[in-house]
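Peer 1: how would this look folded up:
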Amino acid sequence: MENGTVNQEMDTASTITIKGILSLLIQNVDEKNGKRLISLGMGDPTVYSCFHTTHAAGEAVVEALQSEKFNGYSPTVGLPQTRRAIAEYLSRDLPYKLSSDDVFVTSGCTQAIDVALAMLARPGANILLPRPGFPIYELCATFRRLEIRYFDLLPEKGWEVDLDSIEALADQNTVGLVIINPGNPCGNVYSYQHLKKIAETAEKLKIPVIADEVYGHLVFGDNPFVPMGVFGSIVPVLTLGSLSKRWIVPGWRLGWFVTSDPCGMFKNPKIIERIKKYFDILGGPATFVQAAVPRIIEQTDEVFFQKTINILKQTSDICWDMIKEIPCISCPQKPQGSMAVMIKLNLSNLEDISDDIDFCFRLAKEESVIIIPGTAVGLKNWLRITFAADPHSLKEALGRLKSFCKRHTKLMQPY
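Peer 2: Prediction:
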């Protein structure tokens, strides 16, 4: 702040958020066209009735609230029993055991992202972010005055990380590398072998990996979900996650920031003290929601998780099959996980569309269908479609998308 004014030095490209562009797109919908609004833009499956959380989760929250034992403040790093339950849950998939001291409870995964970047930021530092990616990382990095360096995800290789570009981008001021797996916005799931190569590259460069695993276990393709923490003995890993997607409760804002670091880089007393002090200024999730976590994790059965996976598999198949029938767009890889997929826009076949942003705004106006322009996630002239929707609504939305594309396709000129 200077002379009582807010510092306005921020690159416009770094201020794009999914919620911000969604709001603008919805404002552009023509309510007079008689078509119901269908949004394939937001990763919030609770909008559709086919997605709902398990009864055990709701009962656990009600029990914690009605006990009247959790109406006060929690420790700023989270309730001890909550930290312990999350540590045990994550340790199921690791070759070592996390302790409750490794876990810090956050207000959703978004706050965990902010914590990770705040802890790594220092004057002159830079951070490596995937392109395409999740725009909150850009926003947080910009506020922390971290220089952003983008490495590409390769669509022709199933959106794998371009490891050569990471080595070219990194220098002595690089403080971290962000990996999102299962992938948002691409719908990819990395293999064990590729994750190991990422870990080995980060170790060679002496930088920690920030592993965004908010869509952890939401996989339905050939590759199983492998937590980046599996490679914690190779490179220090900061694991970010939440209940939001797997339990279908994004509004409960229960996330975690975890030091998956058996070799102890983040166990330095000064680092731990810095993390704890930072949490002293944060507001975590409601205490009664935290108190419900042990029961939620313990009592949720595999049938619930599998039902969610089955629906996502069904809707991803619908998306994949219908996109192949739509002119002017193409999908380089069938979704393998998460809730979103990236679609390539072929502008040369469209006669009156200037770019992906124009495409999405006109689609919203003409068809009352909301999808996200690729520019918002780092890829101009691509589109991001969220397939976490009920099958009927998804088919209707993609049918309208097909009509829109046909209407704006260039007419072939006769010889």
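
Peer 1: which stretches of the protein have low pLDDT?
Peer 2: For the chain, applying pLDDT under 70 flags the ranges 1-15, 412-415.

Peer 1: just the strands in it please.
Peer 2: Here the chain has its strands, by DSSP state E, at 38-39, 103-106, 126-131, 147-154, 160-161, 174-180, 209-212, 237-242, 255-260, 329-330, 340-345, 369-370, 372-373, 382-386.

Peer 1: so who does Val293 touch?
Peer 2: Counting by CB atoms under 8 Å, 6 or more residues apart in numbering, Val293 touches Ala60, Gln81, Thr82, Ala85, Ile86, Leu243, Leu254. Every residue, glycine included, has its C-beta placed from N, CA and C.

Peer 1: quick one, which of the strands of the chain gets closest to Gln66.
Peer 2: Minimum separation from Gln66 across these (CB to CB) falls at strand 103-106, 21.4 Å.

Peer 1: excluding its backbone neighbours, what's nearest Arg144?
Peer 2: Nearest residue to Arg144 in three dimensions, chain neighbours excluded: Ala121, at 4.1 Å (CB to CB, 6 or more residues apart in numbering).

Peer 1: picking that back up, closest to Gly34 out of the contacts of Val293?
Peer 2: Among the contacts of Val293, and counting by CB to CB, the member closest to Gly34 is Leu243, at 38.5 Å.

Peer 1: who's in contact with that closest one?
Peer 2: Ala57, Val249, Trp252, Leu254, Gly255, Val293, Ile296.

Peer 1: pretty sure Asp93 sits against Pro227.
Peer 2: Yes - the criterion here is CB atoms under 8 Å, and Asp93 meets it with Pro227 at 5.1 Å.

Peer 1: ok, back up a step: pick out the most distant pair among the contacts of Leu243.
Peer 2: Taking CB to CB, the two most distant members of the contacts of Leu243 are Ala57 and Gly255; they sit 15.1 Å apart.

Peer 1: Asp93 and Pro227: which is more packed in?
Peer 2: Under the neighbour definition other CB atoms under 10 Å, Asp93 and Pro227 were set side by side, and Pro227 has more, 23 against 15.

Peer 1: for the more buried one, what are its contacts?
Peer 2: The contact partners of Pro227, taken as CB under 8 Å, 6+ apart, are Leu90, Asp93, Leu94, Ala211, Glu213, Gly216, Thr239, Ser260.

Peer 1: and what of Gly251?
Peer 2: By CB under 8 Å, 6+ apart, the residues touching Gly251 are Thr46.

Peer 1: same thing with Trp159?
Peer 2: Contacts here follow CB under 8 Å, 6+ apart; on that basis Trp159 touches Leu153, Gly183, Cys186, Asn188, Gln333, Met342.

Peer 1: repeat for Phe266
Peer 2: Phe266 is in contact with Pro208, Pro236, Leu238, Thr259, Ile272, counting by CB under 8 Å, 6+ apart.

Peer 1: would you list the phi and psi of the first one?
Peer 2: Translated: Pro208. Per-residue torsions, Pro208: phi -80, psi 160 (degrees, to the nearest 10).

Peer 1: measure the residue lying closest to it once chain neighbours are set aside to Ala211 for me?
Peer 2: Among residues not flanking Pro208 along the chain, Pro236 sits closest, at 4.2 Å (CB to CB, 6+ apart). Here the criterion is CB to CB, to the nearest Å. By it, Pro236 lies 11 Å from Ala211.
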